[in-house]
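Novice: Based on what follows, work out the 3D shape:
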Amino acid sequence: MKQFKLIISTPKGNALEKDVTMLSLRGAEGSLAIMANHIPFITTTKDGEVKIIDTDGNEILANASSGMLTVTKESTTLLCGTFDLK
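Specialist: Numbering: from 1, shown residues only. Model prediction:
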């Protein structure tokens, strides 16, 4: 599966920075799933569960506070107040 660089940043610094195959979370308009080669965009996010699939197929679950999601050709960045792995 194709992969992309994911950066999750909080006021305390980067909580996660790795290559992944999928990111799923709650956006301003509803649930979002980001995969490699997704169209670039920016949106706000809501408090809730974040699901990440890494390049080995492992599922990473976390809770994140509301924030901002930026998707570019180079990477995907989630800026949030808190990011707590489950």
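Novice: could you pull out the strands for this protein?
Specialist: 4-10, 13-27, 30-35, 41-45, 48-54, 59-64, 67-71, 76-80, 83-85 (DSSP state E).
Novice: and the ones you listed as CSV, adding mean neighbour count?
Specialist: (Each C-beta comes from the backbone N, C-alpha and C, glycine too.) CSV is the format used below for those (neighbours: other C-beta atoms under 10 Å):
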stretch, mean neighbour count
strand 4-10, 18
strand 13-27, 16
strand 30-35, 14
strand 41-45, 13
strand 48-54, 17
strand 59-64, 16
strand 67-71, 18
strand 76-80, 20
strand 83-85, 14
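Novice: okay, these in TSV with mean pLDDT next?
Specialist: Shown next, in TSV, are those (pLDDT from 0 to 100):
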stretch	mean pLDDT
strand 4-10	98
strand 13-27	97
strand 30-35	96
strand 41-45	97
strand 48-54	98
strand 59-64	98
strand 67-71	98
strand 76-80	98
strand 83-85	97
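Novice: Using PDB, write out every CA atom in stretch 78-86.
Specialist: Extracted in PDB, the C-alpha atoms of stretch 78-86 (Å, rounded to 0.1, in the frame of the first residue of the first chain):
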ATOM      1  CA  LEU A  78      -2.500  17.400  12.500                       C
ATOM      2  CA  LEU A  79      -2.200  20.300  14.900                       C
ATOM      3  CA  CYS A  80      -4.100  19.700  18.100                       C
ATOM      4  CA  GLY A  81      -4.100  20.700  21.800                       C
ATOM      5  CA  THR A  82      -3.700  17.100  23.100                       C
ATOM      6  CA  PHE A  83      -2.900  13.700  21.500                       C
ATOM      7  CA  ASP A  84      -3.100  10.700  23.900                       C
ATOM      8  CA  LEU A  85      -2.500   7.200  22.700                       C
ATOM      9  CA  LYS A  86      -4.900   4.600  23.900                       C
END
